[in-house]
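Q: Please find the sequence and the predicted model below.
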Amino acid sequence: MVLSEADVEERLRALQGWRRDGTAIVKQFTFAGFPEAVAFVNRLVPDAEAADHHPDLTINYRRVTVSLSTHSEGGITERDFAGAAAAERAACA
């Protein structure tokens, strides 16, 4: 179920660096270099596969932009915030 605007905004306040971009939540992560950026993406794979909920990813050298939206629901859902939490864990690993 798509979250209300108020729910999305409230949840974003609890996530440092995440923002809303249309029907997605987005954050750019920065790493020491390209190998570290790719390693971060690789750490995202197990949780995304287990949840059957895959982020849109853009790698630009040492920066990785993670965008989460539940396309089948047409907006932002609990699954996206679970994905954001998984991305935060992967970034700290």
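A: Received the coordinates, thanks. All of these numbers come straight from a predicted model, not from anything done at the bench.
Q: Which residues are in contact with Met1?
A: By CB atoms under 8 Å, 6 or more residues apart in numbering, the contact list for Met1 reads Glu73, Thr77, Glu78. Yep, even glycine has a C-beta here, placed from its N, CA and C like the rest.
Q: now do Ala91
A: Ala91 makes contact with Phe29, Phe40, according to CB under 8 Å, 6+ apart.
Q: Throw the contacts of Met1 into JSON lines and include secondary structure, thanks.
A: Listed next are the contacts of Met1 as JSON lines, based on DSSP: H, G, I helix; E, B strand; the rest coil:
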{"residue": "Glu73", "secondary structure": "coil"}
{"residue": "Thr77", "secondary structure": "coil"}
{"residue": "Glu78", "secondary structure": "helix"}
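Q: Show the buried residues in these.
A: For these, a burial check counting by 16 or more other CB atoms under 10 Å picks out Thr77.
Q: of all the contacts of Met1, which comes closest to Leu15?
A: Glu78 (13.4 Å; CB to CB).
Q: before we move on, back to that, from the contacts of Met1, which is closest to Pro55?
A: The closest of the contacts of Met1, once distances to Pro55 are taken by CB to CB, is Thr77, at 13.3 Å.
Q: Bridge partners for the closest residue to that closest one other than its chain neighbours, pull those for me.
A: In this structure, Thr77 finds its nearest non-sequential neighbour in Thr70, 4.2 Å apart by CB to CB, 6 or more residues apart in numbering. Each beta-bridge partner of Thr70 is listed here, defined by DSSP bridges: Gly75.
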